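Enquirer: When you get a sec, could you give me coordinates for this:
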Amino acid sequence: MQGANLAGCNLAGANFEDADLGGADLSDANLKGSNLSGANLDGADLWRANLMGVEVAPEVLHRALSCRHPGSNQPPE
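Expert: Model prediction:
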């Protein structure tokens, strides 16, 4: 599913366990209650995606959202 265009899709409750969603467009997608454990989200577009109740490791989500470590101007490694 790497690079897939899933923008605006209703993916509520979907099982993406260990899926490669790197670079996928998930903007405006409904992922409510989905399983993203072990999934690769590097470079995925999650703009306005509904992530309520999603099962995902915090570090994976932080990497996908390009979050920075507290007190740092550098993205996480």
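Enquirer: For the closest residue to Cys9 other than its chain neighbours, grab the count of nearby residues.
Expert: Spatial nearest neighbour of Cys9, excluding adjacent residues (Cβ to Cβ, 6 or more residues apart in numbering): Ala29 at 5.0 Å. For the C-beta atoms, the positions are set from N, CA and C on the backbone; glycine is no exception. Ala29: 25 surrounding residues under other Cβ atoms under 10 Å.
Enquirer: what's the spacing between Gly33 and Asn10?
Expert: Counting by Cβ to Cβ, to the nearest Å, the separation of Gly33 from Asn10 is 11 Å.
Enquirer: When those two are compared, which one has more neighbours?
Expert: Gly33 (15 against 12).
Enquirer: which ones are touching that one?
Expert: Gly33 makes contact with Ala12, Gly13, Met52, Gly53, Val54, according to Cβ atoms under 8 Å, 6 or more residues apart in numbering.
Enquirer: three-state assignment of the first one?
Expert: Same thing as Ala12. coil (DSSP: H, G, I helix; E, B strand; the rest coil).
Enquirer: For the closest residue to it other than its chain neighbours, give me the pLDDT.
Expert: Spatial nearest neighbour of Ala12, chain neighbours left out: Lys32 (4.5 Å); criterion: Cβ to Cβ, 6+ apart. At Lys32, the pLDDT value in this model is 98.
Enquirer: burial of Lys32, as a residue count?
Expert: Lys32, neighbours per other Cβ under 10 Å, totals 16.
Enquirer: Glu17 now?
Expert: Neighbours of Glu17 (other Cβ under 10 Å): 12.
Enquirer: ok, it to Trp47 distance?
Expert: 23 Å.
Enquirer: now do Leu21
Expert: 14 Å.
Enquirer: Comparing these two, which residue is more hemmed in?
Expert: Leu21 (22 against 12).
Enquirer: Now the more buried one: phi and psi?
Expert: Per-residue torsions, Leu21: phi -110, psi 20 (degrees, to the nearest 10).
Enquirer: so what's Asn50 bridging to?
Expert: Asn30 (DSSP bridges).
Enquirer: Cool, thanks, signing off.
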